[in-house]
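Visitor: Sequence plus predicted model, see below.
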Amino acid sequence: MKLKKIKVNNEFFSIYFNKGVFMPTATTDFLIKDFLKKNYKIKNKKILDLGCGSGIISIILADKIKNNTFFASDISNKAVMCSKRNFLNFKINGEVKKGNMLKPWSNYKFDYIINDVSGISSSLAKKSKWFKNVPALTGADGTSLTLSVIKNSIKFLKNKGCLYLPLISLSNEKKIIDIAKKYFKKIKIISKNYWFLPVDLEKHTTLLNKLKKKNNINFEYKFGKYVCYTKVLELKKN
């Protein structure tokens, strides 16, 4: 485990990091920016960072919104070790646990859950540098983990609690929205952020078009580039 300087949300942070721990992406930036935009005045709230990796979401939020309690979990031993070290280093009030999805948090209730768990087609994830040494058991349409979070998080939220999650066009977004409507009273798209497909995936033209034809993913082809997007969703319990 080594200190590593990374840029997230237009700021540099020196955090403890380990090989095999998921690096923050643009999706992480979108989640942080939109959460702060909606909740910059909150106090005395319990916030769960689900799929925490190095704990970077908790680190930044704890710096920006004071007097809240942060909880973080990840299935990776290395990620949990990093997050625990970073929680101590940044003096974050909270708790870090190891476990799959929401299983570590039985009998807990949160005001907010922020989900940064991977959500793109596993067929693409296997070919992407994003997921090198990181499991991405998301299914061909990229929805498996996201749907599990949606279906189960409702039990871990307080009344008026909110789930924040990314909806990436490299997954079946309609399927995710349809399921979310069955579990949450209010669904709001906070932002829609466009980005170019990474170069390492551009060469898989046949696979991209095959997945799109099956409605497993979505993208546009403009300016000689594949254009994708990430929506940030706010799902409110009641």
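Guide: Arrived safely, thanks for sending. Numbering: from 1, shown residues only.
Visitor: use CA for all of it now, contacts and neighbours both
Guide: Fine.
Visitor: which non-adjacent residue is nearest Cys82?
Guide: Excluding the flanking residues, the one nearest Cys82 by C-alpha to C-alpha, 6 or more residues apart in numbering is Ser54, at 5.2 Å.
Visitor: What count of nearby residues applies to the one you found?
Guide: By the measure other C-alpha atoms under 10 Å, the count of residues near Ser54 is 29.
Visitor: same check, this time on the one 3 residues further on
Guide: As a burial measure, Ile57 scores 26 neighbours (other C-alpha under 10 Å).
Visitor: how about it, what does it touch?
Guide: Going by C-alpha atoms under 8 Å, 6 or more residues apart in numbering, Ile57 touches Thr28, Ile32, Asp49.
Visitor: redo that, cut-off 10 Å
Guide: 8-9, 24, 28-29, 31-32, 48-50, 63, 70, 72, 114-116 (C-alpha atoms under 10 Å, 6 or more residues apart in numbering).
Visitor: now the residues you listed: which count as buried?
Guide: Buried members of those, scored by 16 or more other C-alpha atoms under 10 Å, are 8-9, 24, 28-29, 31-32, 48-50, 70, 72, 114-116.
Visitor: Mind picking the lowest-pLDDT entry from those?
Guide: Among the buried ones among the contacts of Ile57, Asn9 carries the weakest pLDDT, at 80.
Visitor: can you give me phi and psi for that one?
Guide: phi 50, psi 40 (degrees, to the nearest 10).
Visitor: who touches it in this structure?
Guide: Asn9 sits next to Thr25, Ala26, Thr28, Asp29, Phe30, Leu31, Ile32, Lys33, Ile57, Ile60 when contact means C-alpha under 10 Å, 6+ apart.
Visitor: Name the nearest of these relative to Leu163.
Guide: Distance ranking of the contacts of Asn9 against Leu163, using C-alpha to C-alpha, places Leu31 first at 11.1 Å.
Visitor: which element is that closest one on?
Guide: In this structure, Leu31 sits in helix 26-39 according to DSSP states H and E.
Visitor: Leaving out the residues flanking it, which one is nearest to the spatially most central residue of the chain?
Guide: Nearest to the mean C-alpha position of the chain, by C-alpha atoms, centre = their mean, lies Asp116 at 1.2 Å. Closest residue to Asp116 apart from its sequence neighbours, by C-alpha to C-alpha, 6+ apart: Gly51 at 5.7 Å.
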